[in-house]
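Participant: Provided below are the primary sequence and the corresponding predicted coordinates.
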Amino acid sequence: MYSEIDLNTPTLSDSGTNIDVVDRATAEALEERGFEYMVIKKSQRQHTIQFGKASAVEYIIGYIIGSGVIKRLAVVDNIGANLISVHNLTKQGIVVQYNENGVKLLYEDKVILMGSVGEDGLYHMNLIEMLLTCVGTEAAISDASANEEVHRSYTTRMNARHAAKYIKMAMTLHKKLKAYSIYNNGSQHRMWSMGGD
C-alpha cells in the first residue's frame, strides 16, 4: 500500500521496548515524505533511551508525529534498528500475532497490518503504514497529552525543512483542485473545487 522507506535501518516489532524509536536518517526520510519532524534543540535535550546495557544510552533528539497506530516516534542519532513497541500497540486494543511467516496486527478481529520475517529472522514492519493506518474513532486523534509534552520540550522555528513540508502539502492540495466554469450574467467565471465531481 505505502512504499517503505529505502534505508539500511529496518523497522522491527519489539516486545522488549516501551517506546517507539527511529534513527535520525529514518526521521529525515519521513520528513521528506511529509511527516512532521520536531527537532529538540541541543541545549534542551534531557531525555535518554537505554538500549540493553547501561553504556548504550542515546539522547532523544526529536520526535516524528504520526496519526495512525503510531502517534509519536522518538528520534535518536544512532540505533541498529527502528523499534516499534508491541506494548504501545496492545494499549490501543491491537492484537499482535507472530508465526513463522510474519506478524499480523489485528483490531476487532480484522487484520489491519502485516509484517514479514526478514533474512535476520526478525519481524519487520512497514513504518509508513503504521504511521498512517488508524483504528477506531479515537485512533485518528493524536494522544493530546503526549503531544503537548512534545510541544513543550522544543521550540519550533520556520526553517528550510519546515518550508519544504508546507510546499509539499500545497502541491498535494493543488493536484486535487479541479477547475469548472460558471456563467453569471452572461460572463464566464472560472472556479476551483477540492476533489469531487
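Facilitator: Looks like it arrived, so ask away. Residues are numbered from 1 along each chain as shown.

Participant: any idea how far R72 is from N99?
Facilitator: To N99, R72 is 29 Å away according to C-beta to C-beta, to the nearest Å. C-beta here means a position set from N, CA and C on the backbone, and glycine is covered the same way.

Participant: Settle it for me: which of the two has more neighbours?
Facilitator: Between R72 and N99, counting by other C-beta atoms under 10 Å, R72 is the more crowded of the two (19 against 9).

Participant: Please name the bridge partners of the more buried one.
Facilitator: On the basis of DSSP bridges, R72 is bridged to I65.

Participant: What are the boundaries of the strands in this protein?
Facilitator: 11-14, 21-23, 36-39, 48-50, 57-59, 62-65, 72-76, 82-85, 94-98, 102-107, 110-117, 123-124, 177-184, 187-194 (DSSP state E).

Participant: In JSON lines, list the ones you listed along with mean pLDDT.
Facilitator: As requested, the strands of the chain are arranged in JSON lines below (pLDDT from 0 to 100):
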{"stretch": "strand 11-14", "mean pLDDT": "91"}
{"stretch": "strand 21-23", "mean pLDDT": "95"}
{"stretch": "strand 36-39", "mean pLDDT": "94"}
{"stretch": "strand 48-50", "mean pLDDT": "89"}
{"stretch": "strand 57-59", "mean pLDDT": "92"}
{"stretch": "strand 62-65", "mean pLDDT": "94"}
{"stretch": "strand 72-76", "mean pLDDT": "95"}
{"stretch": "strand 82-85", "mean pLDDT": "95"}
{"stretch": "strand 94-98", "mean pLDDT": "96"}
{"stretch": "strand 102-107", "mean pLDDT": "94"}
{"stretch": "strand 110-117", "mean pLDDT": "93"}
{"stretch": "strand 123-124", "mean pLDDT": "94"}
{"stretch": "strand 177-184", "mean pLDDT": "48"}
{"stretch": "strand 187-194", "mean pLDDT": "49"}
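
Participant: Just put those in JSON lines and tack on distance to M130.
Facilitator: Output for the strands of the chain, formatted as JSON lines (distance: least, C-beta to C-beta, whole Å):
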{"stretch": "strand 11-14", "distance to M130": "8"}
{"stretch": "strand 21-23", "distance to M130": "11"}
{"stretch": "strand 36-39", "distance to M130": "15"}
{"stretch": "strand 48-50", "distance to M130": "19"}
{"stretch": "strand 57-59", "distance to M130": "21"}
{"stretch": "strand 62-65", "distance to M130": "11"}
{"stretch": "strand 72-76", "distance to M130": "9"}
{"stretch": "strand 82-85", "distance to M130": "7"}
{"stretch": "strand 94-98", "distance to M130": "10"}
{"stretch": "strand 102-107", "distance to M130": "8"}
{"stretch": "strand 110-117", "distance to M130": "6"}
{"stretch": "strand 123-124", "distance to M130": "11"}
{"stretch": "strand 177-184", "distance to M130": "30"}
{"stretch": "strand 187-194", "distance to M130": "28"}
